[in-house]
Every structure is written in C-alpha cells, then in structure tokens.
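> I'll drop the sequence and a predicted model, then ask my questions.
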Amino acid sequence: MEVTSATPVTARVPAKVNLELRIGPLEDDGYHSLSTVFHAVDLVDHVTVRPADKWSVTTTGMGAGTVPDDETNLALRAAQFIARRVGTDEALAVEVAKNIPVAGGMAGGSADAAAALVAVDALWETGFSPLELQDMAAELGSDVPFALEGGTAIGSGRGEHLVPVLSRGSFEWVFALHHEGLSTPAVYAECDRLRGTDPVPEPEPNAALMAALRAGDVDALAGNLHNDLQDAACSLMPRLTDTMNLGLNNGALGAIVSGSGPTVAFLCADHNAALDLMVGLTASTICDEVVTATGPVHGAHVVHDVRPR
Ligand code: ATP
C-alpha cells in the first residue's frame, strides 16, 4: 500500500471504568478469564501523529514522566504495528497528551494504543475496515478493542470479546485519583492470594446490572457495581477503603475501585451531586486529584478540536 504524507492527525480516546469485573479461576497459562462490563467516560487522552524522519514518541500531561518514550510505549507500538500492516517504511512522530491517570486502572495505555491506530489509519487513509481495526486492536492488548469501540459493553475472554450493552441516558461520575500507581499483575496476584484454595466460579455478567443499564436507573446501577479485584487493591493500598467510605458519606450513590485500581470511581445522582462530591473529596486531601466525568461516550475517533474534555 502506498501512503500519502499529510498534515498531523489527532484522535481523542476515553478512559474506561469497569461497572462489573468478575475474575475467573487462575488458568494454566497464568491468566484469568473474566467477565466485565466496560463503560467509557469523557476523561480523555489525545494522540497526534505526524510524518517524521524517524520514529519517536513524546508524552505530556498528567503522569507523563512515568510513561516510557521508547518502543514499549503503547501508542508508539500501535502506530508501528499498523505501519507494518500497511507495509510502509515511513516514520511518524507520535505525541500523547494525557488526562487519563497512568497505572490508574482506567486503561490509559490501551486507550492511547487505540487512538494511535485510529489516527494513523486516518493519516495514511489506509482503507482498513472497522473489523480489521478491531482485530489489530485485539492483537495489541485485551483492553484496546473497547477503547476503540467505547459506549458500554460486556467484555469476555480477557476482555477483548465485546458485546454492546443497551444503556439508557448518561451517568455522572467522580474519580478520585492517586499519583502512586498499582501494578495490574500485583493486584491479580493479591486477588489469588486472598482467594486461597476456595473454588472460583466461571465469571458471568449480572442480569440485575444489565436491567439497571437498560432502564437508565442510577440507583439500581449503584447497587450493582461490583469488582472482584477491589479487596486485593484495598489490601495493597488500604487508603482506598477510606476514600470509598468518604465518598459514600458525602453523597455518592455507589463507589467502586476502577479495574485494578488505585482510581476510585463514585456514581452520583446528577451533575450537581458530582460537583459537590468533587469539592468534598478535594478538601479532604484523601486522594491526589479529583475529576468529574460523564459516560457513556464514543470510543477513539479523529478530532479537529483538541482541547481536553
Ligand atoms: P489497565 O487498567 O489496562 O491495567 P492501567 O490504567 O492500570 O491499565 P496504564 O495507564 O495503561 O495502566 O499503564 C500501565 C503501564 O503501561 C504503566 O506502567 C506505563 O508506564 C506503561 N505505558 C506504556 N505506554 C503507555 C501510555 N501511552 N500511557 C500510559 N502508560 C503507558
């Protein structure tokens, strides 16, 4: 495929919170099967790609100092991956502008990979179909397909098999961020340790959660938030329990550790309740930063207006 040089392209991509995360037994290959409900929120990163003499990646924004600037950067990896599929020798400069917390359990790295795929696809007008892009996303990592898709979706396998969920209305969230990250493998290992030898059932989505989303019932949704990794994340970082309790005592309808943590997500009745909670959490200094966000939103897409949120 011959590629055409062009002006830079920027893609915007949302963070995810898992409304439900059920972890199956540890399998022989060292991984766990899971059943999850992903929900995309408008806490976003931007990835810009532009033609360059050699490959590079730079990161700005929150947590940028901890993001690698070599081939292990997931945005650069995705851009080089699609370049190989295109079969071009051309190089790109990849710029990542971060708002999604790094190692925060909101799949920021996977989001950047999805944004890079979309941006390079648009820059070079590759003509790949949505299905081909989804397949590439799945090869890049199990959270990448959802970052491409957005909305609200059930994820199975390792999270890469997606089925959209019927969901009414939108939901208001507050996220309590901690600058100290939690390693996803360490949280899974702690989950296995806490479970010990107890038998673990095959994970399945909860019908009550699906009904709450279908009805747009925020109270029922709050009552059905569930994360099998929550105890493990709180065991490794006990202040997460205090953060959740503080939010629940300050008007949150529900609280959940996002993915493998340490971000804590609070579901609120409406936008004003979210603003009140943000003020309360910020004043408490129990966490390092507090942001509000709304979901569900679309997955990775090209934008012309690159202002955050
Ligand atoms: P998940 O919820 O998928 O487990 P996470 O949100 O906890 O992920 P990420 O922000 O995706 O964590 O980062 C995980 C690791 O990946 C970090 O240690 C980070 O250094 C590395 N990484 C590589 N590329 C990126 C990127 N573009 N953005 C953020 N982190 C990246």
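Everything's here; your move. Residues are numbered from 1 along each chain as shown.

> pull up the gap between Thr184 and the ligand, please.
Separation of Thr184 from the ligand (C-beta to the nearest ligand atom, to the nearest Å): 4 Å. For glycine as for every other residue, the C-beta is placed from the backbone atoms N, C-alpha and C.

> could you find the closest non-adjacent residue to that residue?
Nearest non-adjacent residue to Thr184, counting by C-beta to C-beta, 6 or more residues apart in numbering: Ser260, 4.4 Å away.

> can you pull the contacts of the one you found?
Applying C-beta atoms under 8 Å, 6 or more residues apart in numbering to Ser260 gives the contacts Gly105, Leu182, Ser183, Thr184, Val187, Tyr188, Leu229, Ala233.

> using the three-state scheme, assign it.
coil (DSSP: H, G, I helix; E, B strand; the rest coil).

> give me phi/psi at it?
Note on Ser260: backbone dihedrals following degrees, to the nearest 10 are phi -90, psi 10.

> picking that back up, show me which of the contacts of Ser260 are buried.
Taking 16 or more other C-beta atoms under 10 Å as the criterion, what is buried in these is Gly105, Leu182, Thr184, Val187, Tyr188, Leu229, Ala233.

> can you list these in JSON lines and add secondary structure?
Formatted as JSON lines, these follow (three-state DSSP):
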{"residue": "Gly105", "secondary structure": "coil"}
{"residue": "Leu182", "secondary structure": "coil"}
{"residue": "Thr184", "secondary structure": "helix"}
{"residue": "Val187", "secondary structure": "helix"}
{"residue": "Tyr188", "secondary structure": "helix"}
{"residue": "Leu229", "secondary structure": "coil"}
{"residue": "Ala233", "secondary structure": "helix"}
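
> what is the nearest of those residues to Asp69?
Thr184 (21.0 Å; C-beta to C-beta).

> how close does the closest one sit to Arg50?
Going from Thr184 to Arg50 by C-beta to C-beta, to the nearest Å gives 31 Å.

> which of the buried ones among the contacts of Ser260 sits closest to Val290?
Nearest to Val290, judged by C-beta to C-beta, of these is Gly105 at 15.6 Å.

> what's the pLDDT at that closest one?
pLDDT recorded at Gly105 is 91.

> and the closest residue to it other than its chain neighbours, how many neighbours?
In this structure, Gly105 finds its nearest non-sequential neighbour in Gly259, 3.4 Å apart by C-beta to C-beta, 6+ apart. Around Gly259 there are 28 other residues, counting by other C-beta atoms under 10 Å.

> and if you look at Glu204?
Under the neighbour criterion other C-beta under 10 Å, Glu204 is assigned a count of 12.

> phi and psi next, for the nearest residue to it once chain neighbours are set aside.
With C-beta to C-beta, 6+ apart as the criterion, Glu204 has its nearest non-adjacent residue at 5.5 Å, and that residue is Ser35. Main-chain dihedrals, Ser35, degrees, to the nearest 10: phi -130, psi 120.
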